[in-house]
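Trainee: predicted coordinates and the sequence they were generated for:
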Amino acid sequence: MTSTWRRFRSFPRPIQLLQLNQAGINLGFFMLMPYLAQHLTGQAHLAVWTVGLILGLRNASQQGMFLVGGTLADRLGYKPMIMAGCVLRTVGFALFGLSTSLAVLLVAAVLSGLAGALFNPAARAYLAHEAGDRKVEAFAVFNVFYQAGILAGPLLGLALLGAGFRTVCLSAAAIFAVLAVLQWRCLPARAGAEADADRPVLYDWREAFTNRPFLAFATAMIASYALSYQMYLGLPLEVQRVGGGAGGVMALYAISALLGIAAQVPVTAWCTARWRPGQTITRGLTLMTLAFAPLAVTARFHPPPHLALVPVIACTLLLTAGTLMAFPFEMATIADIGGGRLVGTYYGLYNLLSGAGILAGNLAGGAAIDLAAHWNLPGLPWLLLVCAGLASTLALAHLDRTGRLAPPGPSRPAVLTG
């Protein structure tokens, strides 16, 4: 942790604020969202399909608007979009706690999702612009704060549940309100790369959609998101299958988050000293792919209770390690491939495509889990994930060998506007 703190202190104030902001965003989000479905079906007495509609609408409004949010950041500036996202999340989370009306809950879901679409690409674009040649380091420290929020959020939410779900919602809303004020008072304004552009937005989108290296990279990385999202779908179901219970699921999340906090910066420094960015991302994706091999091999066996979780824990460790290797270089590559222009737009489009990958992976993975139970082939879902990961790894290695992941030219710095 000493090296992480030293790296954090070495960055200028705007980058430090963005990293702290991300910890706060995840703290507020994860202290509420893990308990929302239980509240809606229990205290609010909503049907399960209605809860699915609310949660699905929140996710769709975020994923579907990422491109718009990124473009607004390029045109209107990064700081206004970060602040707007925090304000919308404040209102949305407060509404979750103040009403059980379906209409109000649907509005809360849309506002909460739209908030993420505004501040997510804007914060990453601001960080990429501000960090310059230190993008990889900056995103490594960024991920430490990201994981810290994920670790602390559910624990704080659980502690506040004793005072009622409304207290959880209003506390989470208060965190986002504080973040909005913090960004307003302390975060310097940075104009987006296209702040003075007078051409239609569709031209920007056409440029991003016709950037072949970017699209090839985003396509190759889609499977990585299908793999990583198994932390929220396949692995919890596997823990339940082998008798690990809710405690086993929480243990997986804690292991992943603690490993991210402790190892992200050392892992990034170690990889930087040995490999090119493309090589590091490829090796990280390889680890993420191999993470599911223990489950594919051992799924048919019935180990004693004290060993039942070993393959799942091994999968979690390898999956997290691969993510730690790839993430900072992945984020830097997105900005570099775009040549330093339309950075918000590129992050927005990338998030949109990765969201589609998560959706496809969830549908395919869920269907594979159902088929595995029907055909008595418990290793089938994990084998399919390994195959998908291998295909993406080979595609990514090809892009790196052919030089298609190299930046097209020097980045243009952001302009100080106040």
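Mentor: That came in fine, so what should we check first? Residues are numbered from 1 along each chain as shown.
Trainee: from now on I want contacts and neighbour counts done on CA atoms only, so please keep to that.
Mentor: Fine.
Trainee: let me see the contact set for Gly348.
Mentor: Taking CA atoms under 8 Å, 6 or more residues apart in numbering as the criterion, Gly348 is in contact with 66-71, 117, 121.
Trainee: quickly find the element holding it.
Mentor: Here Gly348 sits within helix 343-375, counting by DSSP states H and E.
Trainee: report the distance from the strand or helix carrying Ala180 to the chain centre.
Mentor: With elements delineated by DSSP H and E, Ala180 resides in helix 165-186, which encompasses its position. Put simply, helix 165-186 sits 20 Å off its chain's centre (CA atoms, centre = their mean, to the nearest Å).
Trainee: hmm, who's touching it?
Mentor: Looking at helix 165-186 with CA under 8 Å, 6+ apart, the contacting residues turn out to be 17, 21, 24-25, 27-29, 31-32, 39, 79, 82-84, 86-87, 89-94, 96-98, 157, 160-161.
Trainee: next one: stretch 96-114
Mentor: When contacts are taken as CA under 8 Å, 6+ apart, the neighbours of stretch 96-114 outside the stretch itself are 40, 44, 54-55, 57-63, 65, 85, 88-89, 91-93, 95, 165-170.
Trainee: ok, stretch 354-361 next?
Mentor: Contact with stretch 354-361 is made by 63, 218, 221-223, 225-227, 229, as judged by CA under 8 Å, 6+ apart.
Trainee: from these, which land in helices?
Mentor: 63, 218, 221-223, 225-227 (DSSP state H).
Trainee: out of those, which are buried?
Mentor: Neighbour-count burial (16 or more other CA atoms under 10 Å) applied to those gives 63, 218, 221-223, 225-227.
Trainee: related to what we said a few turns ago, report the buried members of the contacts of Gly348.
Mentor: Among these, those that count as buried by neighbour count (16+ other CA under 10 Å) are 66-71, 117, 121.
Trainee: which helices and strands does the helix or strand hosting Ser3 pack with?
Mentor: For Ser3, the enclosing helix or strand under DSSP H and E is helix 2-10. Based on contacts counted as 3 or more CA pairs under 8 Å, 6 or more residues apart in numbering; DSSP states H and E, the elements that helix 2-10 packs against are helix 135-161, helix 245-272.
Trainee: deepest of those, which one?
Mentor: With neighbours taken as mean count of other CA atoms under 10 Å, the helices and strands packed on helix 2-10 reach their highest mean count in helix 135-161, at a mean of 22.
Trainee: shaky segments in this structure?
Mentor: Using pLDDT under 70 as the threshold, the predicted model of the chain has low-confidence ranges 1, 192-197, 305-306, 408-418.
Trainee: for ChimeraX, what selects the buried ones among the contacts of helix 165-186?
Mentor: One line in ChimeraX is enough to select the buried members of those, burial here meaning 16+ other CA under 10 Å:
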select :17,21,24,25,27,28,29,31,32,39,79,82,83,84,86,87,89,90,91,92,93,94,96,97,157,160,161
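Trainee: show me the contacts of helix 165-186 that map onto helices.
Mentor: With helices identified by DSSP H, the entries of these that belong to them are 17, 21, 24-25, 27-29, 39, 79, 82-84, 86-87, 89-94, 96-98, 157, 160-161.
Trainee: could you chop the chain up by domain?
Mentor: The domain map for the chain lists 1-196, 199-410, with the assignment taken from automatic domain parsing.
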